[in-house]
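1. Could you work out the structure for the sequence below:
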Amino acid sequence: MNARHRAPVPSLTATPSRRPVRKAVVPAAGLGTRFLPATKATPKEMLPVVDKPAIQYVVEEAAAAGLDDILMITGRHKRAIEDHFDHAFELEQTLAAKGDTARLDAVRDPARLADIHHLRQGEPLGLGHAVLCARRHVGDQPFAVLLGDDLMDPRETLLNRMLDVRDRHAGSVVALLEVPAEQVHLYGCAAVEPTSEDGVVRVTGLVEKPSSETAPSRYAVIGRYVLDPAVFDVLERTPPGRGGEIQLTDALQDLAAAGTVHGVLFSGLRYDTGDKVEYLRTVVRLACERPDLGAEFAAWLRDFVSGLEPGRTERDRPAA
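-> Okay, here's the model as predicted:
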């Protein structure tokens, strides 16, 4: 379905909704150019992190927080995402016949995580446009947005904390991470003021990828949002911004000016799978955490690293 050809949707009230959050939107329409040629025919969201595609970690996080209705915003050449979260009957039957229950559960788990839907963005017009594509599915309910490049450690409770803040204050909630000054230009950046709650701030303004000299703070918006449906009306009238795309940050700026956006400060474990080096670090860290792989892999890793010298690679090491 091409979201640009949709029937008109009634205007939503600007008064923040206090309905419980049950729906999540996962934008997954990006081209993944930083990982070419691997992403020429494989969606970047399907690149494996140990033995699961990156996007499965995101869906598991949403499901663990009680979000049981998930909409994937995809694009062309993303059919593999739909297939992954569907049943694979022939494979399941083969594993069942072999009595391989462990692998059978692993294959079935993605389809059992939540009620998962798919919608094509049509044109890559930015994150704000991807969120706007979800309007018909979300309706007048609050919803979460989880970006697939940001993986949160399964032990973190960020999304649950954000949902709690939403329950208390209504409006919208963003996740904020304090970053070095030289990195603020990579993110949307928030101007904030304190509240009476530890780790919770009121967001008074947002700027998309400012320079370090003009940034209102070092608090970067990372890929977790809990949004009030009022954001849709704002996105409808938001013109293309930085990069010629409709920026979610610009829409949130309007809501922040109205005093309806809070931020949850995050300092926990987060993995960025949108960058090659960070992707490799993520695979290593999560592999070392695995009870079935960690001990053996960590022992090899220690031996491998101890044998390296600056400027040398494994190929340069003398044969045993």
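2. Now stretch 44-56: buried residues?
-> Using 16 or more other CB atoms under 10 Å as the test for burial, stretch 44-56 gives K44, E45, M46, L47, V49, V50, K52, P53, A54, I55, Q56. To be clear about C-beta, it is placed using only N, CA and C from the backbone, and glycine gets the same treatment.
3. do the same with stretch 148-164
-> Residues G148, D149, D150, L151, M152, D153, L158, L159, R161, M162, L163, D164 are the ones in stretch 148-164 that count as buried (16+ other CB under 10 Å).
4. For those residues, please prepare TSV with the additional fields distance to Q253, secondary structure and pLDDT.
-> Converted to TSV, these look like this (distance: CB to CB, whole Å; DSSP: H, G, I helix; E, B strand; the rest coil; pLDDT from 0 to 100):
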residue	distance to Q253	secondary structure	pLDDT
G148	24	coil	88
D149	22	coil	87
D150	21	strand	89
L151	27	strand	93
M152	25	strand	93
D153	30	coil	90
L158	22	helix	96
L159	23	helix	96
R161	23	helix	96
M162	19	helix	96
L163	23	helix	97
D164	24	helix	95
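5. Let me know the pLDDT of P310.
-> What the model reports as pLDDT for P310 is 69.
6. I meant to write P239 there.
-> With respect to pLDDT, P239 has a value of 85.
7. Grab the nearest non-local neighbour of it.
-> Excluding the flanking residues, the one nearest P239 by CB to CB, 6 or more residues apart in numbering is I246, at 7.6 Å.
8. what helix or strand does that neighbour sit in?
-> Assigned by DSSP states H and E, I246 belongs to no helix or strand.
9. was I right about it contacting C133?
-> No - I246 is not in contact with C133 according to CB atoms under 8 Å; the separation is 10.6 Å.
10. So for the two, which sits in the more crowded spot?
-> For I246 versus C133, neighbours defined as other CB atoms under 10 Å are more numerous around C133 (27 against 21).
11. contacting residues around the more buried one?
-> By CB atoms under 8 Å, 6 or more residues apart in numbering, the contact list for C133 reads A3, I73, L119, Q121, G122.
12. could I get the buried residues of stretch 44-56 as JSON lines with pLDDT and secondary structure?
-> Listed next are the buried residues of stretch 44-56 as JSON lines, based on pLDDT from 0 to 100; DSSP: H, G, I helix; E, B strand; the rest coil:
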{"residue": "K44", "pLDDT": "92", "secondary structure": "helix"}
{"residue": "E45", "pLDDT": "93", "secondary structure": "helix"}
{"residue": "M46", "pLDDT": "93", "secondary structure": "helix"}
{"residue": "L47", "pLDDT": "94", "secondary structure": "coil"}
{"residue": "V49", "pLDDT": "95", "secondary structure": "strand"}
{"residue": "V50", "pLDDT": "95", "secondary structure": "coil"}
{"residue": "K52", "pLDDT": "95", "secondary structure": "strand"}
{"residue": "P53", "pLDDT": "95", "secondary structure": "strand"}
{"residue": "A54", "pLDDT": "94", "secondary structure": "helix"}
{"residue": "I55", "pLDDT": "95", "secondary structure": "helix"}
{"residue": "Q56", "pLDDT": "96", "secondary structure": "helix"}
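13. Show me which pair in those residues is furthest apart.
-> Within the buried residues of stretch 44-56, K44 and V50 form the most distant pair, 16.4 Å apart (CB to CB).
14. just checking, I73 touches P27?
-> Yes - I73 is within contact range of P27, at 4.7 Å (criterion: CB under 8 Å).
15. shared neighbours of those two, anything?
-> Counting by CB under 8 Å, 6+ apart, the common neighbours of I73 and P27 are Q121, A130, V131.
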